[in-house]
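Colleague: Provided below for reference: sequence and predicted model.
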Amino acid sequence: MDSYADMYRMMCLIRFYENRMAEVYAEGKSPLFSIAAGPVPGEMHLAAGQEPVAVGVIRHLRRDDVVTAPHRPHHFAIAKGIDLRRMTAEIFGRTAGLSHGKGGHMHLFDPAVHFSCSGIVGAGFPPAVGAAFAFRHQHRDSVAVAFAGEGAANQGTFHESLNLAALWKAPVIFVIEDNHYAISVPKEQSTAIANNSDRAQAYGIPGVFIRGNDVLAISEAASEAVARARAGKGPTLLEIETTRFYGHFQGDAETYLGAGEKEKWRQSDPIPQFRDYLLAHHLLTPDDDAAIQNEVAELVEDAIAFARQSPEPLPADALTDVFAPNLGGK
Amino acid sequence: MDSYADMYRMMCLIRFYENRMAEVYAEGKSPLFSIAAGPVPGEMHLAAGQEPVAVGVIRHLRRDDVVTAPHRPHHFAIAKGIDLRRMTAEIFGRTAGLSHGKGGHMHLFDPAVHFSCSGIVGAGFPPAVGAAFAFRHQHRDSVAVAFAGEGAANQGTFHESLNLAALWKAPVIFVIEDNHYAISVPKEQSTAIANNSDRAQAYGIPGVFIRGNDVLAISEAASEAVARARAGKGPTLLEIETTRFYGHFQGDAETYLGAGEKEKWRQSDPIPQFRDYLLAHHLLTPDDDAAIQNEVAELVEDAIAFARQSPEPLPADALTDVFAPNLGGK
Amino acid sequence: MSTTTVRKLTMARAISEAIAQEMDRDPSVLVWGEDVGVYGGIFGATQGLYQQFGHDRVIDTPISESGFIGAAVGASTEGLRPIVELMFVDFFGVAMDQIYNQLAKNHYMSGGSVSHPVVLMTAIGGGYSDAAQHSQTLYSLFAHVPGLKVVVPSNAYDAKGLMVSAIRDDNPVMYFFHKGLLGLGWMPSDDWAEVHVPEESYEVPFGKARVAGEGTDISVITIGAMVPKAARVREQLQQEGISVEVIDLRTLVPLDKQAIVDTVKKTHRVLIVDEDYRSFGMSGEVAAILAEDALDYLEFPVKRLAVPDTPIPYSRVLEQATIPSADKIAQTIRAMMN
Amino acid sequence: MSTTTVRKLTMARAISEAIAQEMDRDPSVLVWGEDVGVYGGIFGATQGLYQQFGHDRVIDTPISESGFIGAAVGASTEGLRPIVELMFVDFFGVAMDQIYNQLAKNHYMSGGSVSHPVVLMTAIGGGYSDAAQHSQTLYSLFAHVPGLKVVVPSNAYDAKGLMVSAIRDDNPVMYFFHKGLLGLGWMPSDDWAEVHVPEESYEVPFGKARVAGEGTDISVITIGAMVPKAARVREQLQQEGISVEVIDLRTLVPLDKQAIVDTVKKTHRVLIVDEDYRSFGMSGEVAAILAEDALDYLEFPVKRLAVPDTPIPYSRVLEQATIPSADKIAQTIRAMMN
Ligand SMILES: Cc1ncc(C[n+]2csc(CCOP(=O)(O)OP(=O)(O)O)c2C)c(N)n1
Ligand SMILES: Cc1ncc(C[n+]2csc(CCOP(=O)(O)OP(=O)(O)O)c2C)c(N)n1
Ligand SMILES: [Mg+2]
Ligand SMILES: [Mg+2]
């Protein structure tokens, strides 16, 4: 279990990564923005502001625990300990990428840390239940965590997966990131009740809502949920209030936001808040902080440099990996 | 609103119909049972024992109110006032059938009474929400009722539909028929909590569980739910305990049933219980009862006779009705 | 009236104009889907409708595709004519039962007594590195199952007229607009799709292919975003003395078999170009029609250029290797002419 | 060992035997789905497994197809090899996203680092009046999207060997068993599917078609329940002096193109018979391969006999008018020989 300073460091790493991704993504896209242009084309969903969710939950996980993430996956991937260089190379679509350029930012897979994600909203729930079922069946004490946005909680897979998990007493934790919006649709317009965590009652499992984008409160709730799952007591549903600092995707004009809404979020930035807390409690010194800022900057720049120098795939590579060779199986 | 005696009469009509269907379905299927043989081939899901659900709820509906039903639809169709002759002819696959033989027993459509059903578990929820939405949009005070079995409450459409209905304050009532089994799978093995009605909390709507297969208790709960919907106050979820007198489908050996389970159900037959209640309260005389038995027998035999004498479709008819002609639309 | 002046529209504007005019004409026409309201649709197909018609008729839904597509089944039986947007066709898998088992079959299963005048519009296509779950076309899947009309416009004029026909049709119509034809500005778009569009409402009939360019040596039979690509190749190859006829099928259901047979009678050589997966799809069906109904006119083996049965990869290089390009079309034609 | 004695099995028994033997061999093989436990599977494909392996390895699920099919995605990445039953293929629409966007694509999207050794088995076919939502075949849909192997046995011998291959395959395999071949007793079944099945385990390789009957005048290319029908017609037409070759494709992905080309080289005439919908499906793909790779050997137009793009109607008369029958196959061949 990592220390508070480590948590702070991880939050800074994610933030620095996302901010740099915003810049890298913008390369080649001005003066006229084109989604297809630049070294990083395609959609880009950034998670700056949502670091507490990833860090507060994943600090309780081991390498062998499973995480399934949604279309906005960077913070979860980094917190889970994904290979930052290969993740970045994948986002650049290069051969050194986790998927050699076939996946992209919504399709990051790193079996070494049991991480995967999907671009289909709600698609990560059933696989997490299946992984958790496998752990129970194999008498392993690993757990699975399915992360998804509040918008995903109205998808049928949410219901089917929570019911299955509760029935099977599967060691899985469902974490709903409530960042108030699903693209342009506010939670009140998509969700019939205020807190998805109350939907846990429909499955007879614990449900907890965590306010304030507070990494320590999140960590506390997650620690209980993970312990419960490891102890074979079954699933938990957590809903965590958080804030989206960028648009839904880069290029989103966000005309649908209320006046001052974005500023309010930015003002209650969880990272300076946590830093001030750590400084006040002498868990971090300004020098530590400076060192952390330097370290995360180096890590991110190194990953970006690694990605940039990795070769582009060859056209013929597009035809491989549709099917696995049958070596083990037969 | 029909009287108690009318409710009793309707329950007897459904029961007589289902019992006769069991006989008709068996024609041509002995000594060796073949699902494809006889005047009524294909699957046959009978609802004997479940009459209180259909009668207790639908007595509160008008002709212009919508009902969507599942694969076990006869009791709902009859209670909704479907054309019994044409429904029966459809089950016989004849030209006089509601669908001229194209639909069959799981696909009964009678727009005159706004009735439809589907063979896909959980498929009736979204269309009911859509019909209710249309009523609200058109400022009509009609309502929609979606009936489904307890097994259907674990299908994703259940969740999506209840959330949508609650959001839209749609005049729709969701009625879950809990007959304890989904084919061979008992409710405890499919459903993480005891009562699906508690799942109403996940949508902020009222949820009521009605025990004992008691038509008067059902009617009372339904009357409130329908009134609520008509008054524009939004959806309600009802779960009604009931009993399946036949197998899942005809030909089901039911080896999965607990010892004596079936007998227990049969012993608490809701029809004699309701009759005794009516007799005791002088709401029905033995003569009335005898008259009702004769009347329902005549109606059912007339429908079966009508079906038998209706011609078979011609092979070429298979090619029509794939698309509607564009008369009105353009 | 401005019918005489040449007014060019992007395909996105042509679609939203068609919808707006039909909503004006018929109060029973509504629009719902994800982000179709204030946002105007992720690809602008509903731009301005919320402002014009309000939240009673232009409705943002939760991310519940089975729920809100299935809702169109019930709403259409009770007098509404919903236009429902499935944001990307790639998401069909979460809602396919309501689409193909209910919406598509109820008319048949009811013996014609129930109809569903519903337009299900959805974005298709790649070319901007949106990877395997956001770049597919998949129209062949919907053309395979009975009960759905399948419409794939290649330019703004057809887009408006086909949308008007779709809204007025009493059957479920799947309307596929290609992201690379919409003229969105933030997404590469083929400017050949931006053409003259009359202001007044008009219908383009289903089942009538369009000769997008006449030719005598070889026929390219295609649809959607591949039409302007093929038309460009046609001009280019004219310089090289190869006369290419380009057939824009416009709709897959109903399919204009006559146009397919007519063009091969003329050219005796056919290349089928498709942005869908190669096998068991549109390109196979067109080739089958040739082998059934025009065998004697086929002087050379049919060729197919389509996505080579791989998911659409993310990397620009890899994606360009899977989606048929103008260059590949030209090369294939040249090879077929030798 | 009883390999020498002739032991005939129904296809249902052959399937459950294959699964039982693999579960014995490999503890990571599990079975789940609706009614696969005590009931033994609605169509008997899991008969006896629950009794033999218990509820830890043979698991009844709720009616949550997206949930339990999607669970196979995660379970297979963590070391299990699930066999999941989708009761009828007709229900795919409630779970297609997990099947085609996750299970089928993860290997590619992960650049080969993630594999899903999963068998998704499902019942197909009509012929007993189960109407439009319980009688389809639909294998063409799964053959169209990349990443799924598609297996359709026509007899008990192939059913066992193909199931063993499917379970040992490291990819997602869609295994389609036809209800009319299973030998269930309560359902009409073609007794030609009940053949000798060795007791010991064996593999039938994917992508190798079988010549179900040699002939020289015309080839019938088909799969699944249409194979025994075609084989019967072959014997019948022998009396009439027509020599029919019957090709059983066995698997659609991978597809044995060579076998398709070889047979037309021999007979120069092809009838494709398919129980799936006619358009944009299997019959079109086979015809396309002929038009591409065997045009010069095709002396007569290709013909297709399939479900005529209508939903499957309920009435016996109507259903018989949509599903290809032995009579229709024979008539079509006779017409093609004149
Ligand atoms: C099944 C499906 N429907 C729609 C989409 C398009 N889409 C991508 S992200 C998104 C919004 C998701 O909102 P939320 O779950 O709250 O996550 P957030 O983006 O806020 O992190 C939508 C509608 C999709 N990818 N998959
Ligand atoms: C999506 C889907 N999955 C599975 C089936 C097969 N099936 C038909 S009825 C049934 C059981 C339904 O149980 P329940 O909802 O409790 O209704 P009951 O039969 O008890 O009336 C099943 C699994 C189906 N028709 N549709
Ligand atoms: Mg959100
Ligand atoms: Mg039940």
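Modeller: Yep, it's here. Ligands and ions are numbered 1, 2, ... in the order given.

Colleague: Let me see the contact set for residue 274.
Modeller: Defaulting to chain A. Counting by C-beta atoms under 8 Å, 6 or more residues apart in numbering or on different chains, A:Phe274 touches A:Met7, A:Tyr8, A:Met11, A:Pro52, A:Val215, A:Leu216. Where C-beta positions appear, they are placed from N, C-alpha and C, glycine not excepted.

Colleague: switch to chain C, that's the one I care about
Modeller: C:Thr137, C:Thr222, C:Ile223, C:Met226, C:Gly281, C:Met282, C:Ser283, C:Arg304, C:Leu305, C:Ala306, C:Val307, C:Pro324.

Colleague: Can you show me the helices along chain C?
Modeller: Under the criterion DSSP state H, chain C contains helices at C:11-25, C:49-53, C:65-77, C:96, C:106-109, C:139-144, C:156-168, C:226-239, C:257-267, C:282-293, C:316-322, C:326-337.

Colleague: Please name whichever of those is nearest to A:Gly156.
Modeller: helix C:65-77 (5.8 Å; C-beta to C-beta).

Colleague: Does chain A have contacts with that closest one?
Modeller: Yes - Helix C:65-77 is in contact with chain A by C-beta under 8 Å from any C-beta of the partner chain, via C:Ser66, C:Gly67.

Colleague: tilt between that helix and helix D:65-77?
Modeller: 160 degrees (axes from the mean of the first three to the mean of the last three C-alpha atoms, to 10 degrees).

Colleague: So helix C:65-77, near ligand 2 or not?
Modeller: No - Helix C:65-77 lies apart from ligand 2 when judged by C-beta under 6 Å from any ligand atom; the minimum separation is 10.9 Å.

Colleague: quick one: average confidence on that helix?
Modeller: Regarding helix C:65-77, the rounded mean pLDDT is 98.

Colleague: and whichever residue of the stretch 201-330 of chain A sits closest to ligand 3, how many residues sit next to it?
Modeller: Per C-beta to the ion, A:Arg244 is where the stretch 201-330 of chain A lies closest to ligand 3, at 6.9 Å. A:Arg244 is flanked by 23 other residues according to other C-beta atoms under 10 Å in any protein chain shown.

Colleague: List just the nearest of the contacts of C:Asp274 to chain A.
Modeller: Nearest to chain A out of the contacts of C:Asp274 is C:Val307 (C-beta to the nearest C-beta; 9.7 Å).

Colleague: Pull the most distant pair out of the contacts of A:Phe274.
Modeller: Most distant of the contacts of A:Phe274, by C-beta to C-beta, are A:Met11 and A:Leu216, 11.7 Å apart.

Colleague: Might you report the residue contacts of C:Ser279?
Modeller: C:Asp309, D:Ala143, D:His144, D:Val253, D:Leu255, D:Glu285.

Colleague: Take these and write them to TSV, including distance to B:Asp289.
Modeller: Formatted as TSV, those follow (distance: C-beta to C-beta, whole Å):
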residue	distance to B:Asp289
C:Asp309	68
D:Ala143	60
D:His144	60
D:Val253	63
D:Leu255	67
D:Glu285	64
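
Colleague: Now distance to chain B, pLDDT and neighbour count too, for those residues, in CSV please.
Modeller: Formatted as CSV, these follow (distance: C-beta to the nearest C-beta, whole Å; pLDDT from 0 to 100; neighbours: other C-beta atoms under 10 Å in any protein chain shown):
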residue, distance to chain B, pLDDT, neighbour count
C:Asp309, 30, 98, 19
D:Ala143, 23, 98, 26
D:His144, 21, 98, 29
D:Val253, 26, 98, 25
D:Leu255, 29, 98, 22
D:Glu285, 23, 98, 28
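
Colleague: Pick out the most distant pair among the residues you listed.
Modeller: Top of the distance list for those (C-beta to C-beta): D:His144 and D:Leu255, 11.9 Å.

Colleague: Filtering the contacts of A:Phe274 by proximity to chain D, which remain?
Modeller: Near chain D, taking C-beta under 8 Å from any C-beta as the test, no member of these is found.

Colleague: Nearest residue to A:Arg62 in space, ignoring adjacent ones along the chain?
Modeller: Once flanking residues are discounted, A:Arg62 sits nearest to A:Ser142: 7.0 Å by C-beta to C-beta, 6 or more residues apart in numbering or on different chains.

Colleague: And for the one you found, the neighbour number?
Modeller: 21.

Colleague: and what of A:His282?
Modeller: With other C-beta under 10 Å as criterion, A:His282 counts 7.

Colleague: List the residues that contact A:Ala144.
Modeller: A:65-68, A:128-129, A:131-132, A:135, A:170-173, D:74.

Colleague: closest to C:Asp90 among those?
Modeller: A:Thr68 (18.5 Å).

Colleague: What strands line up against the host helix or strand of the closest one, and which way round?
Modeller: Assigned by DSSP states H and E, A:Thr68 belongs to strand A:66-69. Strand pairing for strand A:66-69, determined by DSSP bridges: strand A:115-117 (parallel), strand A:144-149 (parallel).

Colleague: now could you export just the CA positions of it as CSV?
Modeller: The C-alpha trace of strand A:66-69 is given here as CSV (Å, rounded to 0.1, in the frame of the first residue of the first chain):
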residue,chain,number,x,y,z
VAL,A,66,-8.1,-6.8,-12.9
VAL,A,67,-9.1,-3.3,-14.0
THR,A,68,-11.5,-2.7,-16.9
ALA,A,69,-11.8,0.9,-17.9
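
Colleague: what does chain A have sitting close to ligand 1?
Modeller: So chain A meets ligand 1 at A:71-72, A:119-121, A:148-152, A:177, A:179, A:181-183, A:248 (C-beta under 6 Å from any ligand atom).

Colleague: Mind checking which of those residues are in strands?
Modeller: A:Ala148, A:Gly149, A:Glu177, A:Tyr181, A:Ala182 (DSSP state E).

Colleague: and the residue in the stretch 151-300 of chain A positioned nearest to ligand 4, what pLDDT?
Modeller: Residue nearest to ligand 4 within the stretch 151-300 of chain A (C-beta to the ion): A:Asn163, separated by 15.4 Å. With respect to pLDDT, A:Asn163 scores 98.

Colleague: A:Leu327 too?
Modeller: 67.

Colleague: in the stretch 201-330 of chain A, which spans are strands?
Modeller: Counting by DSSP state E, counting those that start in this stretch, one finds strands in the stretch 201-330 of chain A at the ranges A:207-210, A:236-241.

Colleague: what about A:Gln138, neighbour count?
Modeller: Residues near A:Gln138, counting by other C-beta under 10 Å: 14.

Colleague: so what's it up against?
Modeller: D:Glu78, D:Gly79, D:Leu80.

Colleague: Would you check how far apart the last one and D:Asp56 are?
Modeller: Plainly put, D:Leu80 is 12 Å away from D:Asp56 if you go by C-beta to C-beta, to the nearest Å.

Colleague: okay, and the common contacts of those two?
Modeller: Joint contacts of D:Leu80 and D:Asp56 (C-beta under 8 Å, 6+ apart) are A:His137.

Colleague: of those two, who's got more company?
Modeller: D:Leu80 (23 against 9).

Colleague: leaving aside the residues next to it on the chain, what's closest to residue 278?
Modeller: Here I'm looking at chain A. In space, A:Leu278 is closest to A:Leu284, 3.7 Å off (C-beta to C-beta, 6+ apart).

Colleague: wrong one, I was asking about chain C
Modeller: C:Ala306 (3.8 Å).

Colleague: Compute the number of surrounding residues for that neighbour.
Modeller: 24.

Colleague: and the gap between the closest residue to chain D within the stretch 101-250 of chain A and ligand 3?
Modeller: Nearest residue of the stretch 101-250 of chain A to chain D: A:Pro126, at 2.4 Å (C-beta to the nearest C-beta). To ligand 3, A:Pro126 is 20 Å away according to C-beta to the ion, to the nearest Å.

Colleague: Please settle this for me: is that residue part of a helix?
Modeller: Yes - A:Pro126: assigned to a helix according to DSSP: H, G, I helix; E, B strand; the rest coil.

Colleague: give the contact list for it.
Modeller: Contacts of A:Pro126 by C-beta under 8 Å, 6+ apart are A:157, A:160-161, A:164, D:66-71, D:73-74, D:98.
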